[in-house]
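J.: okay, here's the prediction I keep looking at, along with the sequence it came from:
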2 protein chains.
Amino acid sequence: MPCNRLHVKRSSEIGPVAPYSERVTQQRGSGGRPTINQVAEAAGVSKSTVSRAFSRPEMITAETVAHVMEVATRLGYVPNHTARALSTGRAGTVAIVVPDIANPFFPPLIRGAQAAADQAGFSLLLGDSDEDPTREDVLVGKLGPQTDGIVLASSRMTEEQILAHAERRPLVLINRDVPGLPRVLIDTATGIEAAVEHLAGLGHRHLVYVSGPASSWSNAQRRHAVRAAGRRLGVKVTAVAARRSTYDAGVQRTEAILASGASAAIAFDDLLAQGVLAGLAERGMRVPDEFSVIGCDDVLAATMYPPLTTVSAHGGDAGRAAVDLLLSSLDGARADVRRELDTSLVLRSTTAPPAG
Amino acid sequence: MPCNRLHVKRSSEIGPVAPYSERVTQQRGSGGRPTINQVAEAAGVSKSTVSRAFSRPEMITAETVAHVMEVATRLGYVPNHTARALSTGRAGTVAIVVPDIANPFFPPLIRGAQAAADQAGFSLLLGDSDEDPTREDVLVGKLGPQTDGIVLASSRMTEEQILAHAERRPLVLINRDVPGLPRVLIDTATGIEAAVEHLAGLGHRHLVYVSGPASSWSNAQRRHAVRAAGRRLGVKVTAVAARRSTYDAGVQRTEAILASGASAAIAFDDLLAQGVLAGLAERGMRVPDEFSVIGCDDVLAATMYPPLTTVSAHGGDAGRAAVDLLLSSLDGARADVRRELDTSLVLRSTTAPPAG
DNA sequence: CTGTTAGCGCTTTCAG
DNA sequence: CTGAAAGCGCTAACAG
């Protein structure tokens, strides 16, 4: 049934073209792409109908939708994101800002965030604060207004600064525990406990925790977890401080680690663990036969030799969870959600029973 | 001289407020932020003046600018990015899409791109194609319309697909050599040559090139460079193919590498090199005393033990260069720029004269 | 130098 | 179910 119930306007079919082409409507920034108006005219319907065909097809006849779509694709029409954003007040983007993209902890996280955003039809803006609280503040201030929400991963800002931004935009934190704000925390405690238990089970009675940046929330959490588990299992734990989380810092602290008399070490993160491994090797200590090492985050672990036993953080899950949380709270009020993600110990080749 | 030459409108100062507050203009999506109108009214100037104070201050009196700014900050006004974008036709963002953020080659590159964009007042949209040409195509199609331009890093799309997108938006390629399109190529050839020279200088007469993905442009370039340099320097080169660029692939191909009889290896990239190192260690071969290994890209190198001698790609520079190129070509025509970035050999600890 | 007046392209009441 | 009209917040001629 060839039912063409669409009334077609033929107004511009005959008249002279010259007079109109004279004032070739400036075309300011339209990028040459066809607009909703052109589709409407070509399809013989109104703007509204075309708009609805794209945004709420259920509101109009299936036939109409089909026809509009047909014309639209023929013309190569694609809804203008910006115009839609201005009209609806929704940017269709979320931003994620991290202290340092090059830090291997973040890429998987960003990847998860991007996947979650993409899946929900959102785009992902990326910001790198370069570990600088001030830059981060500025960056968030700049990104905020052009997004529907922001996720701050391992923010270096003060709680005040964070709260100020949360006032303006939906905001979710990753690895930063600010009460009142939605946050996803990677609970390394569970994995750390498993690590200590693993070591204790192997027979170790004394281990050292190689701590990371003093100002790091994660570091505090991990140190505490090691201590608690050690106490519970009757394993002595000594702390050796490595200010920065770098390979070199790990190498340098090896001396102190060995001096403690412990037979195993749990490092703040994989980078540090790798440094410790190198430091140990330099001194001719064989791992894991003479000394055991466990890392944290599982970012380097799989590509090292020997493969590092470590606590896996599932960064991708965190990124995904954060974006999902953000998206779900877009129209709702600021929820005080505190989502903890478990971690697990991944056994590889750097642990064994203590020597002797 | 207290010259207040600003004529202030006092119209709304006395009249009753109730009747107006009744129709609290829907506020659709304004996010509650003050608009240019409110600033204009509060400052006793017109919209245009406020607009100019922000976009082209040089067009108006310094005094006026100061006054507008004062009022604006007092009201907490921030120009609406979206509205500006719609009006000017410039999104103020550029996108970068990579095959896999988690691949350590890309983070530095993204970092450079983000820095360059940020510096120019642009924001960076990030896309991850997950190594899938189809996803990449869709992603670019989605990101394109909401950006002023796109940089495609190590694109997996066909030349046709790339060209199609380049038709719609300014586009610059990284590590993909499509004539007619602006592109920045990391010329690993220079670094590779230096590597072969280094090895030859050390006394090696036979080396193997551990090749990466067959479809990779970079792989072809590197293999060719090794061959050419070898020929020039009288060094025999054997190729051993590792299909994928992974640690495991490197481990697995060690057998073949050793079987070739060579005394050194240059791997397609660091990941592969690391695998080779591990494979060598498994077989009790000491590096660099018994066998030399050189990687490529310098992404893992600094955090490995032993520290890997490698060809540094300067990914950050590439990202930055690509964005700069993109930004500079925003209003100009599509330029056929082909920018090659040199690489250099970074000497660390995995090379030495051949044994015996 | 500043104000007026039109839009940018789309969504959304409000009528029919 | 569809159309007409009124904006979203800002910029850009065009006058003054």
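T.: Arrived safely.

J.: quick one: residues contacting A:R111.
T.: Neighbouring residues of A:R111 by Cβ atoms under 8 Å, 6 or more residues apart in numbering or on different chains: A:G316, A:G319, B:D100, B:I101, B:A102, B:D128. Every C-beta, even on glycine, is put in place using the N, C-alpha and C of the backbone.

J.: so the third one touches B:D128, yeah?
T.: Read it as B:D100. Yes: the criterion here is Cβ atoms under 8 Å, and B:D100 meets it with B:D128 at 6.5 Å.

J.: neighbour count for those two, which is higher?
T.: More crowded of B:D100 and B:D128, by other Cβ atoms under 10 Å in any protein chain shown: B:D128, with 27 against 17.

J.: just give me the neighbour total for A:A95.
T.: Quick note: A:A95 (other Cβ under 10 Å) scores 30 neighbours.

J.: for the stretch 101-250 of chain A, which residue gets nearest to DNA strand C?
T.: Proximity of the stretch 101-250 of chain A to DNA strand C (Cβ to the nearest atom of the strand) peaks at A:G121, 12.1 Å away.

J.: what kind of secondary structure is that residue in?
T.: coil (DSSP: H, G, I helix; E, B strand; the rest coil).

J.: how near is the nearest residue to it once chain neighbours are set aside to B:E167?
T.: Excluding the flanking residues, the one nearest A:G121 by Cβ to Cβ, 6 or more residues apart in numbering or on different chains is A:G92, at 7.1 Å. With distances taken as Cβ to Cβ, to the nearest Å, A:G92 is found 24 Å from B:E167.

J.: tell me which of those two has more neighbours.
T.: A:G92 (18 against 9).

J.: contacts only, for that one.
T.: Per Cβ under 8 Å, 6+ apart, neighbours of A:G92: A:H81, A:R84, A:A85, A:G121, A:F122, A:S123, A:D148, B:Q146.

J.: if I read this right, the third one contacts B:T82, doesn't it?
T.: Yes: with contacts counted by Cβ under 8 Å, A:A85 reaches B:T82, the gap being 4.7 Å.

J.: related to what we said a few turns ago, narrow the contacts of A:R111 to those in strands?
T.: B:D128 (DSSP state E).

J.: most widely separated two among the contacts of A:R111?
T.: A:G319 and B:D100 (14.3 Å; Cβ to Cβ).

J.: where does the stretch 151-300 of chain A get nearest to DNA strand D, which residue?
T.: Closest point on the stretch 151-300 of chain A to DNA strand D, by Cβ to the nearest atom of the strand, is A:R168, at 14.2 Å.

J.: skip the chain neighbours and tell me the closest residue to that residue.
T.: The nearest residue in space to A:R168 (Cβ to Cβ, 6+ apart) is A:G144, at 5.9 Å.

J.: Provide the secondary structure category for that neighbour.
T.: Applying three-state DSSP: A:G144 is helix.

J.: over to A:T64?
T.: Assignment for A:T64 (three-state DSSP): helix.

J.: that one: how many residues sit nearby?
T.: 19.

J.: wait, it sits on A:S46?
T.: No: assessed by Cβ under 8 Å, A:T64 is found out of contact with A:S46, at 10.8 Å.

J.: least trustworthy helix or strand in chain A by mean pLDDT?
T.: Taking mean pLDDT, DSSP states H and E as the measure, chain A has helix A:18-22 as its least confident helix or strand, at a mean of 29.

J.: what's the first helix or strand after that helix?
T.: helix A:36-43 (DSSP states H and E).

J.: buried ones in that next one, by neighbour count?
T.: A:I36, A:V39, A:A40, A:E41, A:A42, A:A43 (16 or more other Cβ atoms under 10 Å in any protein chain shown).

J.: need these in CSV with distance to A:I60 and pLDDT, can you?
T.: CSV is the format used below for these (distance: Cβ to Cβ, whole Å; pLDDT from 0 to 100):
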residue, distance to A:I60, pLDDT
A:I36, 14, 93
A:V39, 14, 92
A:A40, 13, 91
A:E41, 17, 90
A:A42, 17, 91
A:A43, 12, 91
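
J.: of those, list those near DNA strand C.
T.: Contacts with DNA strand C within the buried residues of helix A:36-43, counted by Cβ under 7 Å from any atom of the strand: A:I36.

J.: look up how far B:A116 lies from whichever residue of the stretch 51-200 of chain A sits closest to chain B.
T.: For the stretch 51-200 of chain A, the residue closest to chain B is A:G89, as judged by Cβ to the nearest Cβ, at 1.1 Å. The gap separating A:G89 from B:A116 is 30 Å, by Cβ to Cβ.

J.: neighbour count winner among those two?
T.: Per other Cβ under 10 Å, whichever of A:G89 and B:A116 has more neighbours is B:A116, with 24 against 15.

J.: for that one, give me its contacts.
T.: B:G319, B:R320, B:V323, B:D324, B:L327.

J.: and stretch A:77-85, is it in reach of DNA strand C?
T.: Yes: Stretch A:77-85 is in contact with DNA strand C by Cβ under 7 Å from any atom of the strand, via A:Y77, A:P79, A:N80, A:A83, A:R84.

J.: pLDDT on that stretch, on average?
T.: For stretch A:77-85, mean pLDDT rounds to 92.

J.: got the contact list for it?
T.: A:33-36, A:38-39, A:54-55, A:71, A:91-92, B:82, B:85-86, B:91, B:145-146.

J.: buried only: go through those for me.
T.: So, by 16+ other Cβ under 10 Å, the buried ones in these are A:34-36, A:39, A:54, A:71, A:91-92, B:82, B:85-86, B:91, B:145-146.

J.: save the residues you listed as JSON lines, and put in distance to DNA strand D too.
T.: Output for the buried ones among the contacts of stretch A:77-85, formatted as JSON lines (distance: Cβ to the nearest atom of the strand, whole Å):
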{"residue": "A:P34", "distance to DNA strand D": "17"}
{"residue": "A:T35", "distance to DNA strand D": "12"}
{"residue": "A:I36", "distance to DNA strand D": "10"}
{"residue": "A:V39", "distance to DNA strand D": "11"}
{"residue": "A:F54", "distance to DNA strand D": "13"}
{"residue": "A:V71", "distance to DNA strand D": "13"}
{"residue": "A:A91", "distance to DNA strand D": "12"}
{"residue": "A:G92", "distance to DNA strand D": "14"}
{"residue": "B:T82", "distance to DNA strand D": "7"}
{"residue": "B:A85", "distance to DNA strand D": "8"}
{"residue": "B:L86", "distance to DNA strand D": "4"}
{"residue": "B:A91", "distance to DNA strand D": "12"}
{"residue": "B:P145", "distance to DNA strand D": "17"}
{"residue": "B:Q146", "distance to DNA strand D": "15"}
